[in-house]
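> Output the structure for:
(one chain, ligands or ions: 2)
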Amino acid sequence: MSLAITNIGSLATCDENLGAGLAGEIQNAAIVIDGGIISWVGKAGEVPAADEQIDAEGKAVIPGFVDSHAHLLFAGERAKEFAARMSGEKYSAGGIKSTVSHTRAASDKDLEQNLIHLIGELTNSGVTTFETKSGYGLSVKDELRSLEIAKCHTQETTFLGAHVVPEDFAGRADDYVELVKGEMLDAVAGNAKWIDVFCDEGAFDIDQSREILRAGIAKGLAPRIHANQLAAGGGVQLAVELECASADHCTHLSDNDIEALAGSNTVATLLPGAEFSTRAVYPDARRLFAAGATVALATDCNPGSSYTTSMPFCIAVAIRDMHFTPEQALWSATMGGANALRREDIGSLSVGKSADLVMLNAPSFIHLGYRPGVDLINKVIKDGTIRYEENK
Ligand code: NIG
Ligand code: FE
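Numbering: from 1, shown residues only. Ligands and ions are numbered 1, 2, ... in the order given. Alright, predicted model coming up:
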């Protein structure tokens, strides 16, 4: 069954071979989907015949967002902590422990229900692929069940046993590192694609992070790092050393960090929701783009530092406060995320890729930044199937 979407005012393919600029934009365009895969892209006047048609009525179409960084397995919320921060309190890694208590106390059913609710929010905001981490269980049993639940909903599952040292290991960080890279890793390895470490002030240091990531790599997991969020440090350099798919946060970057990222295969994943919600200083994406680094944008959805599932919100903040151009922001939220997950089948509207796309109630993707806070999502299509339709 083939489907042609015609009369698209602006089709941002995010494939520079197909259209203008980084957004690969084609005006007055059409796209054809066959068997869940994109089979044709071009001018509306040249569209081949298809079994079914959707008239886009001049709206913009973009690739589905790829949210390459989220923490969706948790219970409870921390609104009071957010309110305290907005009154001047500083964010610290320690807040994670309160979510750990709620998560351990929750039933499997409640954890999965919360995950399903958040996936619904992501889908309705245009996300067609998401990653999720464990990291609020921090015991063998609770990390394992988090990942067992996660893998039923996404192939992008990440083991984050090294989020913080939990209360029950207070003063025994070395014992906890042994647990994470030994018994915990053995238990979860079959359920995770990635291994992540929070390498930062108040979490894990460089040596601990290296040990844990190396243990994960030896078990067949691919590495990624939470790096340089709370302080400048060696996290980004470690990400490059270990050929991580991504160094995430990158709030504090030295010139050497930027040079290392630009000369590597490691994506710099920026998370505007975290700076917004912790009142941190935004990193300046211009430095990364000027050096030639690959940049991704993601939600970092979690109950502490960034409780948003909205990629359009993150794009708007990235444009306004991190100095992305609208084109760079769109590319980073789609192709950048695909790169950060080392996925070649998603991220752009190129022939042969999965038919994951979003129709906007707007004439161009620039409106994602231009109309902040306004829900512009008209339709979300994943693998050629409509997953969300406005008012339906
Ligand atoms: O990505 N940085 C570490 N982890 C999360 C925060 C988790 C929390 O505060 O609950 C983050 O910001
Ligand atoms: Fe995170």
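> By residue count, tell me the biggest helix in this structure.
helix 108-124 (DSSP state H).
> Between helix 108-124 and the next helix-or-strand element following it, find me the angle.
Of the helices and strands lying after helix 108-124 in sequence (DSSP states H and E), the nearest is strand 127-133. Counting by axes from the mean of the first three to the mean of the last three CA atoms, to 10 degrees, strand 127-133 lies at 140 degrees to helix 108-124.
> any idea of the mean pLDDT in stretch 310-318?
For stretch 310-318, mean pLDDT is 98.
> what sits up against it?
If you take CB atoms under 8 Å, 6 or more residues apart in numbering as the criterion, stretch 310-318 is touched by 65, 67, 121-122, 125-127, 270-273, 275-276, 282, 285, 297-299, 308, 324, 326, 329-330, 332-333, 368-369, 372-373, 375-377. Just so you know, the C-beta spots here come from the backbone N, C-alpha and C atoms, and that holds for glycine as well.
> quick check, it touching ligand 1?
No. Using CB under 6 Å from any ligand atom, stretch 310-318 stays clear of ligand 1, with a minimum separation of 13.0 Å.
> need the contact list for the residue in the chain that ligand 1 sits nearest to.
Closest approach between the chain and ligand 1, counting by CB to the nearest ligand atom: Gly304, at 2.2 Å. By CB under 8 Å, 6+ apart, Gly304 lies in contact with Arg78, Glu81, Tyr91, Gly95, Ile96, Thr99.
> Of the residues you listed, which fall within the contact range of ligand 1?
Near ligand 1, by the rule CB under 6 Å from any ligand atom, you find Gly95, Ile96, Thr99 out of the contacts of Gly304.
> Return the members of the contacts of stretch 310-318 classed as buried.
Using 16 or more other CB atoms under 10 Å as the burial test, the contacts of stretch 310-318 include 65, 67, 122, 125-127, 270-273, 275-276, 282, 285, 297-299, 308, 324, 326, 329-330, 332-333, 368-369, 376-377 as buried.
> OK, contacts around Asn17?
Taking CB under 8 Å, 6+ apart as the test, what Asn17 contacts is Gly24, Ser350.
> Please renumber the chain so that the first residue is 48 from this point on.
With the count now opening at 48, the last piece we talked about shows up as Asn64.
> ok, it to Asp155 distance?
46 Å (CB to CB, to the nearest Å).
> Please apply the same query to Arg257.
In terms of CB to CB, Arg257 sits 33 Å off from Asp155.
> Which one's more surrounded, these two?
Arg257 (19 against 11; other CB atoms under 10 Å).
> Now the more buried one. Nearest residue, chain neighbours left out?
In this structure, Arg257 finds its nearest non-sequential neighbour in Leu285, 6.0 Å apart by CB to CB, 6 or more residues apart in numbering.
> so, in contact with ligand 1 or not, whichever strand or helix holds that neighbour?
Under the criterion of DSSP H and E, Leu285 resides in helix 282-288. No. On the criterion CB under 6 Å from any ligand atom, helix 282-288 is out of touch with ligand 1, staying 10.7 Å away.
> Let's test this: mean pLDDT of the following helix or strand past that helix, rounded?
Using DSSP H and E, the helix or strand that follows helix 282-288 towards the C-terminus is strand 293-296. Averaged over strand 293-296, pLDDT sits at 98.
> Now do strand 293-296: distance to the chain's middle.
10 Å (CA atoms, centre = their mean, to the nearest Å).
> can you tell if that strand touches ligand 1?
No. Applying CB under 6 Å from any ligand atom, one finds strand 293-296 separated from ligand 1 by no less than 6.6 Å.
> Tell me the secondary structure at Ile428.
Secondary structure assignment for Ile428 (DSSP: H, G, I helix; E, B strand; the rest coil): strand.
> pLDDT score assigned to the nearest residue to it once chain neighbours are set aside?
Of all residues not flanking Ile428 in the chain, Leu404 sits nearest, at 5.1 Å (CB to CB, 6+ apart). The model reports Leu404 with a pLDDT of 98.
> what does the chain put close to ligand 1?
Checking the chain against ligand 1 by CB under 6 Å from any ligand atom, the hits are 118, 142-143, 146, 245, 273, 276, 321, 347, 349-353.
> if we can go back for a sec, can you verify my assumption that the residue nearest to Ile428 contacts Ala76?
No. Between Leu404 and Ala76 there is no contact under CB atoms under 8 Å: 11.6 Å.
> Identify the contacts common to those two.
Val108.
> Adding pLDDT, write the contacts of Gly351 out as CSV.
Compiled in CSV, those are given as follows (pLDDT from 0 to 100):
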residue, pLDDT
Arg125, 97
Glu128, 97
Tyr138, 92
Gly142, 91
Ile143, 95
Thr146, 97
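> any idea which of those residues has the most stuff around it?
Ile143 (26 neighbours).
> For that residue, give me its contacts.
Gly182, Tyr183, His210, Val211, Gly351.
> Please enumerate the strands of the stretch 298-439 of the chain.
314-317, 342-344, 404-407, 424-429, 432-436 (DSSP state E, counting those that start in this stretch).
> elements contacting the longest one?
Other helices and strands packing on strand 424-429, by 3 or more CB pairs under 8 Å, 6 or more residues apart in numbering; DSSP states H and E, are helix 155-171, strand 174-180, strand 404-407, strand 432-436.
> which outside residues touch that strand?
In contact with strand 424-429 (CB under 8 Å, 6+ apart) are residues 80, 106, 111, 170-173, 175, 359, 401-408, 433-437.
> and if you look at the third one?
In this structure, residues lying in contact with strand 404-407 by CB under 8 Å, 6+ apart are 52, 78, 103, 106-112, 173, 175, 396, 414-415, 423-428.
> need the helices for the stretch 98-247 of the chain, in chain order.
Using DSSP state H, counting those that start in this stretch, the helices of the stretch 98-247 of the chain run over 126-133, 143-152, 155-171, 187-197, 220-226, 232-235.
> re earlier: may I ask which of the residues of the chain next to ligand 1 comes out lowest in pLDDT?
Gly142 (91).
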